[in-house]
Structure formats: C-alpha cells, structure tokens
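> coords please:
(2 chains)
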There are 2 protein chains.
Amino acid sequence: MNNAEISRRGFLAGAGLGVAGVAGFSVMPSGPSAQAHIPNHVVDFDGIHQAGITTAAQDRMHFVSFDVLDGTTRADLQDLFKTWTAMARRMTEGELATEDGAVGGGDFWVATDTGEAMDLPAANLTITIGFGPSLFDDRFGFASAKPAELNDLPHFSGDAIDEKISKGDICIQACADDPQVAVHAVRVLAKEGTGKVAVRWSQLGFGRTSSTTEAQKTPRNLFGFKDGTNNLRVEYTDLVDKHVWVHEPGDWMNNGSFLITRRIRMLIENWDRQVLKDQEETFGRDKLEGAPLGRSNEYDELPLDEYVGTDGPVIPNDAHARLAHHSENNGARMLRRGYNFVDGSDGFGHLNAGLFFIAFVASPERDFIPVQSKLSKGDKMNEYVRYESSAIFACPGGVEGPDDYWGKKLFEQTA
Amino acid sequence: MNNAEISRRGFLAGAGLGVAGVAGFSVMPSGPSAQAHIPNHVVDFDGIHQAGITTAAQDRMHFVSFDVLDGTTRADLQDLFKTWTAMARRMTEGELATEDGAVGGGDFWVATDTGEAMDLPAANLTITIGFGPSLFDDRFGFASAKPAELNDLPHFSGDAIDEKISKGDICIQACADDPQVAVHAVRVLAKEGTGKVAVRWSQLGFGRTSSTTEAQKTPRNLFGFKDGTNNLRVEYTDLVDKHVWVHEPGDWMNNGSFLITRRIRMLIENWDRQVLKDQEETFGRDKLEGAPLGRSNEYDELPLDEYVGTDGPVIPNDAHARLAHHSENNGARMLRRGYNFVDGSDGFGHLNAGLFFIAFVASPERDFIPVQSKLSKGDKMNEYVRYESSAIFACPGGVEGPDDYWGKKLFEQTA
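Just a heads-up that it's a prediction; the model follows:
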C-alpha cells in the first residue's frame, strides 16, 4: 500500500501527478534535519506504536478534544472506540470511513461518512488517540489503570490558561498533507460520537508545505526563526526509545506515549518591534541560519560554556535555546510536533497567531514539567508569548491488526 | 519569471522538487472545470487588473480587514499605499518584503520583514486590495469618488451578522499555495501599517490541495458537495468582462471589481443528520458526481423546467442550484472565490466550520444583491447555514508598473 496513490473512489490517481509527487522527493535528505516524508502516501495505521508520533510531520493538523457526555456508559465507549478504530484505519488508507461511505446507503439513509474527502487521497493521514486524566475518574471503571504520571499539568509561572480550550476526556490528533483530509477525519469521528461525546475544543494548524519547499530546510515559526533544529529525531533510536515510548510490559500504556499540548499565543506585534539583536539573544540563535550565537552552522553545538570577554556568556542565560537544552535539564528530551496557527484576530487590532505546541514524552515528570518550569521562570521569550491552554493525554500503544481497537487493553485491564 | 522556482533567498530551488512540481501539472485539464494552476510559480503582480481575482484559485487564503486609525491623514495613507505596493510586488515575486528583509539591517535595527517566509518560494502568491464604503467618508477627501454601488450590503432575511467580523476601511486578500506565505504577506503589511491602520478582522481558509489532488476535479465544500461547477470561469471572456470587471473609463475603479465577503457558518452537525435525498434536494444536485438531479453528468444543464409526473419539478423550487442559477436571476452572475474554514469549536460541542464566501462582481446591485435576497428567503440550505459576517470592498484596477501604486488613481481623482 505504501507506494500506491489511491483516491477515495478506489482507483489509481492520474499517473502524472502521482509519479511527479514521488519523484520530487526521491532524494531523501540525509542531514540531521531529515523530517521529510513522501507526499500523498499511506502511513500504516497498525503497528506496535500509534502512527502520528514519530511519523515525519505532515503539512497540516486538526486536533480535537472531546468530553464524554453524561449517560454514556463504559459499554457505549467501548463500542465507540471499536467503530472509531475501524473508521480511522479506513480513512488513513485513503478510503471513506465506512463501506457505504457518503452515498452508498440509499435515499433515506443518513450517511456514515460526510463526504468532503471524496476524491481526495490518503495524503499521509495519521489519526492518533489519547486519553485525558478525567477519563480515569469513577465513570467508566478505569481508575485503577490510571497512569501515575497522567495528571493535569501544574500551573506554570505566567500561565494564562483558558479552561474552555484546555483538558478533555479524549483527544484525537489528525495530521495530513491536505487540511480537508485532516478536518474530514475529525469531523467524521465527531459525527459518529454524537450523543456519546461532544467536541470540547479543537485547533487547526499548519507547518511546512512539502510540495513547495525544500525538505531539508528546518521550518520557521511565526517569530521568523527556524524551529525544530534540536528536536528529538526518529533516527536517534535510543533517545526516542527512552524519551518518547512508555515501557511498562503488561500495562495498557506499554509502547504508548504522553501527549502534551499548549496553545502558545505569540504577541507578534510586540516581537516585531524588537531589534534583531534582541530577537537573536532571545532565541540564542541567529535568525537567518538558525546557528547558535557564536557559531555559523545551524547544527553546531550550542557553546553554552563560552564567554565574550567580560560581556557574559555567548548564549545569554535567559536565552530559550539554553534554558530548553537537554544538557541544562538533566538530559530531559521531548519529541515536539507542533503546528503554527492563525485564528483570525483578537479584537484588539492584532492577529491571533502562535504555535500549537505538541510534545510526546515517555515521562512528563522527567521530560516536560521541569523544563517548562524552568522556562516559565527565566525564558526571555516569555515577554512575547502567552500560554493559553494546557492539556495532557495518555496515548496507548498501537493497534495491532483488525481484532484490536483503540483502548482494548485498557478495557481488558480493568475488566 | 513565470517558469522559475525562486526561493526567498534568491537561488533556484532544488531541481528535483521544482521539475517534479511542474511535471505533475504538465497536462492541463481541458474541461470546463479548468481551475488548475501551476504550483509554486510567480503570478504577475502588475497588470490591467489586480491579480487574485481571475487568477486560478490557490490552495490557501488569508484575508484581512483593516480600520484606519484616528489621526492618520490622507498623506499618511498615500505613503502607506506606496510602501505596501512595493512590498506586495516583492513578496509576490518570492522575495522578502524589503531589500533589507529580515536580517539585513544590522543588530540594532527593527526588521521590515518578519522573516517567517525566508526559504519559502512565491507559491503563486497574489495580494489584492479593496476599499470599504467607510474609507469614503469625510476623513481622507475620497467622498466625491465613492462608487455609487459601494454601500454596506443590506440586511438579508435570516442574517445574523457580527459587526466585529464585518466591514472595514481596507481589505487585503492574500492567496498562495502555502499558508505561511499568505499569512506572512498579511502580517508584514499589518506590521508596516502599525500606527496608521489596525486589524479589524481576519480569516484563514483552505481549498483544494493542488499537490495531492487531481486538478480537473471540482473541490468539495464542508457539506460534502462539489462547489463551483457552475461558477463563472476565466475562459468565458465575455461573461467575465461583463460580470466581473467595472468599465468606467477615466474613473479610478475602471478595470476593478467589487469584492463581497460573507462568513457562512455551516451547521454541519444538523446537516449530517439529514438523509441523502434531503441533502441532494437541498443542493439540487447529486452528492457523488455533482450532476443536476435528473441528469448524470456534473456539467449537464440544470433541467429547471422538467417535472416528475405530478411530484413537482425535478429540481425542487427551493433547491440552492435553482435559486442561484443565472437563468432565474435575470442573468446575474458572479465569480466566486471562497475558501473552507474550521476555526476551532463553538463552545457548544460543535466545530466552528463553514465557507468564507468571496465573490467578485462588476455590479453588486445587478449580480449579487438580488440573488442573495432571493436565496435568503427561499433557499432550503438556509436551515443549515448562518450568515455571520458581511463586507463589501471596491478593488481598483491593477497596478501598472513601478511608478504606479495601490489607490494612485483614487488620490489623483480627488486631488
């Protein structure tokens, strides 16, 4: 399936486009920024781990958080998860969510698929599920299986959290190279959940546009700086194994990961008034290349122990790159997978823009909370951002074959 | 320039990607749905008409409406329009907005370009300006040149207009195949306008993803139906000339067009509960092919005068396709150029999704108001949509060469 270009009507897409799309990426980048993906392909749904975590970042994201409605039982939820899993598998394969699809059930039938992805290909769609701390209260009998580290994130200095766009019982992260494919995936699952779950909040995001940009370039955030140079990469197998995947053989979370989201509003108008030197000292990197200050290449090591005469350190003590660096955080690492957003304007003359931060970690208490705690107190960047949301979800291990479904092991463990 | 792939750092992009991108679209569709464009190219900024109107629709849109701030003079505005024009021209050519760009002015310099489009190509960027009715009040001396048809749209039956996302003194429509390129264009112009104009509202939208879908397919809206089958097409030269372009030789609006926007929230959860037959009768077309009811091909004429025995017309009297059809509206036509949107959720368990409607017309009073008036009273689709915003702008003719600038003729006409 990985080399087929299959549209949602089941035929091979026009060879011109298909072949050209592949050819454009036939030379995979070999440098450390290798985040490229083959456009418009099928990402395997089944596997030991869920897709959408170490999968090379797709171009677009639709993220949704659901609350389970009053009256929904454990059995209802189990049925929903079974149906959702089958739908998600089909959609990631470039099919409509059900066999009947959008038009296959006759005139007086309510379609199970909403149809806006008809004619669209798989577009690298991944659909990743996570469970919030609140799902483990006394409603569904999951309390005994609540992961020890699945707790609402603490209040960090300067947080301005809006509860309405935070938390949630269940999250779905849909990523694809076509926003309509990602939107469709979330929308169909939300429709299927009608009466059992309701959308608590959702977020659209955009990243690199792989059809028009060079794959080996690190994408830029809305502050204009390269973002992701020092990110954990899938090629670093040992680090990913330690810092992304949960290892608890026998537990439902085995081979899963903790997903943390923070909606980081960027006060871009304030940022844009700063001189270049201030901006670069805020990041600890230069704006053009993304090289650490005092160095010339993006992937040079940060000279954290170097000083400029008596002017202090080359990388300022309050620079983001220093404070976030693993060597300053007892080796803490995270796999970041965030997306830029612009959600209209804020009603006060500014664009409502920023970064929807997503990180996957094996241990929030080791890999995320101490780092964010340090950043919240000392990061010079705090002058230009506002943390508006906060959420944590436990993503189970992958679905392994047609008899498995999202949360199966959790149900079994708490049976 | 049209065949070059030029990144914002001034060198030719990697041949693999560039050539593949072009090759994928080397066979241009010849059918009536020809809306394809060559991805990742430069659209000419200068011309008799502004780009971004009959330009084949790009994949993404960022639309912004500005209000001019108190204290801004006519001369301030003229200076701003000159600077904006130069910046817009550069950006559409794949350059940063200014020669110094994001990093060229030294350490203690506030950059004129915000930098997030560094390394990104032109991506078919177009930047189109329009002037709202309020710009022609007594502030800037434009009152005598106000177009007779540039008036706030009337209240249509069922309108639920939010003033905060309606109207505005000036609009900018930025469209590109990369959302970051469109966002960057608006953001840089907003930054340049600091102290003179402020963002009143803005909207991000998405359409077809040209790198992954077949160009000859009509895109679908979030109701799952093909949208644009009967749209005015650039190939219909006479119709475009009559229904899109203003012909007033000697006036600043000559070769311009009126731009109308309406944020159409789709109540997708209600829609998704309807049976297929109801949905198809609402549109007057079938969902799979987009063919008129009673016909089998998308581009078949609507059988508006056919009846099914005694069951009434084949195309119901309240079907959207009938009510919007030019033959039922004294020949009224418009060039639609809207984009889908999903802006998070509405706080009541639903996705905040819909269509950001954009239409260009030569005469709002002939080509838009009567049609919308009819639709607002009789369209079966009204059960499933809510009109949340309303705006009209007068887009001047194109900029013709480096000595021209946005609004130059308006300033001269009112000197």
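> only C-alpha atoms for contact and neighbour calcs from this point on.
Noted.
> enumerate the residues of the stretch 301-415 of chain A near chain B.
Residues of the stretch 301-415 of chain A lying close to chain B (C-alpha under 8 Å from any C-alpha of the partner chain) are A:V342, A:D343, A:G344, A:S345, A:D346, A:G347, A:F348, A:G349, A:H350, A:L351.
> pick out the most distant pair among those residues.
Pairwise distances across those peak at 14.8 Å for A:V342 and A:F348 (criterion: C-alpha to C-alpha).
> between those two, which one's more packed in?
Neighbour count, other C-alpha atoms under 10 Å in any protein chain shown: between A:V342 and A:F348, A:V342 has more, with 25 against 11.
> what angle do the helix or strand containing the more buried one and strand B:339-345 make?
Per DSSP states H and E, A:V342 falls inside strand A:339-345. Angular relation of strand A:339-345 and strand B:339-345 on a 0 to 180 degree scale: 90 degrees, by axes from the mean of the first three to the mean of the last three C-alpha atoms, to 10 degrees.
> what lies in contact with strand A:339-345?
Residues from elsewhere that reach strand A:339-345 (C-alpha atoms under 8 Å, 6 or more residues apart in numbering or on different chains): A:60-61, A:204-207, A:221-222, A:351-358, B:183, B:199-204, B:343.
> tell me which residues in the longest helix belonging to chain A are buried?
Taking DSSP state H as the criterion, chain A has its longest helix at helix A:74-92. Of the residues in helix A:74-92, A:77-78, A:80-92 count as buried by neighbour count, 16 or more other C-alpha atoms under 10 Å in any protein chain shown.
> how far away from the center of its chain is that helix?
How far helix A:74-92 lies from its chain's middle: 21 Å, per C-alpha atoms, centre = their mean, to the nearest Å.
> helices and strands around that helix, which ones?
strand A:126-131, helix A:179-192 (3 or more C-alpha pairs under 8 Å, 6 or more residues apart in numbering or on different chains; DSSP states H and E).
> which among the contacts of strand A:339-345 count as buried?
A:60-61, A:204-207, A:221-222, A:351-358, B:183, B:199-204, B:343.
> and the strands in chain A?
A:60-68, A:126-131, A:170-176, A:197-206, A:257-266, A:335-336, A:339-345, A:351-361, A:385-387, A:391-395 (DSSP state E).
> each with direction, which strands does the first one pair with?
So the one you mean is strand A:60-68. If you go by DSSP bridges, strand A:60-68 pairs up with strand A:170-176 (antiparallel), strand A:197-206 (antiparallel).
> got a markdown table for those strands, with distance to B:N330 too?
As requested, the strands paired with strand A:60-68 are exported to a markdown table (distance: least, C-alpha to C-alpha, whole Å):
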| stretch | distance to B:N330 |
| --- | --- |
| strand A:170-176 | 43 |
| strand A:197-206 | 41 |
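> could I get those strands as a markdown table with mean pLDDT?
Shown next, in a markdown table, are the strands paired with strand A:60-68 (pLDDT from 0 to 100):
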| stretch | mean pLDDT |
| --- | --- |
| strand A:170-176 | 98 |
| strand A:197-206 | 97 |
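> quick one: contacts for A:P364?
Each residue near A:P364 by C-alpha under 8 Å, 6+ apart is listed here: A:E149, A:F258.
> which residues does A:M87 contact?
For A:M87, the contact set (C-alpha under 8 Å, 6+ apart) comprises A:L96, A:A97, A:T98, A:L189.
> enumerate every residue touching A:I172.
Residues counted as contacts of A:I172 (C-alpha under 8 Å, 6+ apart) are A:F63, A:V64, A:S65, A:I127, A:T128, A:I129, A:G130, A:V186.
> what's the spacing between it and chain B?
14 Å (C-alpha to the nearest C-alpha, to the nearest Å).
> would you format the strands of chain A as JSON lines with distance to A:D46 included?
Shown next, in JSON lines, are the strands of chain A (distance: least, C-alpha to C-alpha, whole Å):
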{"stretch": "strand A:60-68", "distance to A:D46": "20"}
{"stretch": "strand A:126-131", "distance to A:D46": "11"}
{"stretch": "strand A:170-176", "distance to A:D46": "15"}
{"stretch": "strand A:197-206", "distance to A:D46": "25"}
{"stretch": "strand A:257-266", "distance to A:D46": "16"}
{"stretch": "strand A:335-336", "distance to A:D46": "21"}
{"stretch": "strand A:339-345", "distance to A:D46": "24"}
{"stretch": "strand A:351-361", "distance to A:D46": "19"}
{"stretch": "strand A:385-387", "distance to A:D46": "34"}
{"stretch": "strand A:391-395", "distance to A:D46": "14"}
